[in-house]
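Peer 1: Build me a model:
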Amino acid sequence: MLTDQELIAAFKNGDIDALGALMERHKAAVYGYLLRLTGRHDAADDLFQEVFLKLVRRPGAYSEREKFKAWLFTVARNAAMDYFRREGSRRALTSAEGDAPAGSEDGATGVLEAAASPEPGPHEILENKALGEWIGRALERLSPDQREIFYLRHYSELSFKEIAGMLELPIGTVLARMSRAAALLRKELEKQPQ
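Peer 2: Take a look at the predicted model:
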């Protein structure tokens, strides 16, 4: 498997498939991050495309000296902040509650299909949905700064040092915000009924 840097070098040398491989490799993490920031699938779709269009239009914008994933999430964050400025709102870091993927709430699964399926049954789905909603509400209680660091750490899997560099903050500030976020989330989740 080629590294990100090898794929970028191949793309810069004209290999379009290398760009597709990069997009596929990072799609889930970047898209998830953008969806959590915007709370809207259509906005996350557009911003995801915008992130990779920057690489297409200006392949020299990425410097091989930095970790590609850190650069990619910096571009994603900047694209999201531009989106919020264009929209005239600061709705950043809200939950995506109520904006489920198309087809996820069709209710068309038959009883026989559910019984034969290895997928979770209605009871498990309701429990998982309730837990997801509870977590979403807990995340909403975090400050926007805490949520941003939590999402970056969760979706990008970047180190705290990389996140600090990306946000241009001292590492102590990043660690403190993450610590406060984790403590608040633990406290909120302890309140969850069993």
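Peer 1: Let me see the mean pLDDT of whichever strand or helix holds Gly136.
Peer 2: Using DSSP states H and E, the secondary-structure element containing Gly136 is helix 122-140. Averaged across helix 122-140, pLDDT comes to 64.
Peer 1: repeat for stretch 37-44
Peer 2: Regarding stretch 37-44, the rounded mean pLDDT is 90.
Peer 1: how far does that stretch stretch from start to finish?
Peer 2: Counting by Cα to Cα, to the nearest Å, you get 8 Å between the two ends of stretch 37-44.
Peer 1: Quick check: buried residues in that stretch?
Peer 2: For stretch 37-44, burial by neighbour count (16 or more other Cβ atoms under 10 Å) applies to Leu37, Thr38, Gly39, Arg40, His41, Ala43, Ala44. Yep, even glycine has a C-beta here, placed from its N, CA and C like the rest.
Peer 1: Name the secondary structure element that contains the spatially closest residue to the second one that is not a sequence neighbour.
Peer 2: I take that to be Thr38. The spatial neighbour of Thr38 that comes closest, neighbours along the chain excluded (Cβ to Cβ, 6 or more residues apart in numbering), is Ala44 at 5.6 Å. Element membership for Ala44, per DSSP H and E: helix 41-57.
Peer 1: Show which residues not belonging to the longest helix anywhere in the chain make contact with it.
Peer 2: As assigned by DSSP state H, the longest helix anywhere in the chain is helix 16-38. Helix 16-38 is contacted from outside by 2, 4, 7-8, 10-11, 41, 43-45, 47-48, 51-52, 55-56, 68-69, 72-73, 76-77, 79-80, 83, 91-96, 99, 148, 151-152, 155-157, using Cβ atoms under 8 Å, 6 or more residues apart in numbering.
Peer 1: and those, which of them are in helices?
Peer 2: Counted as lying in helices by DSSP H, out of those, are 4, 7-8, 10-11, 41, 43-45, 47-48, 51-52, 55-56, 68-69, 72-73, 76-77, 79-80, 83, 148, 151.
Peer 1: So Arg141 sits against Arg186, correct?
Peer 2: No. Look at Arg141 against Arg186 with Cβ atoms under 8 Å: they stay out of range, at 11.9 Å.
Peer 1: From Ala80, how far out is the most centrally placed residue in the chain?
Peer 2: Among the residues of the chain, Tyr33 comes closest to the average C-alpha position under Cα atoms, centre = their mean, at 1.4 Å. Per Cβ to Cβ, to the nearest Å, Tyr33 is found 8 Å from Ala80.
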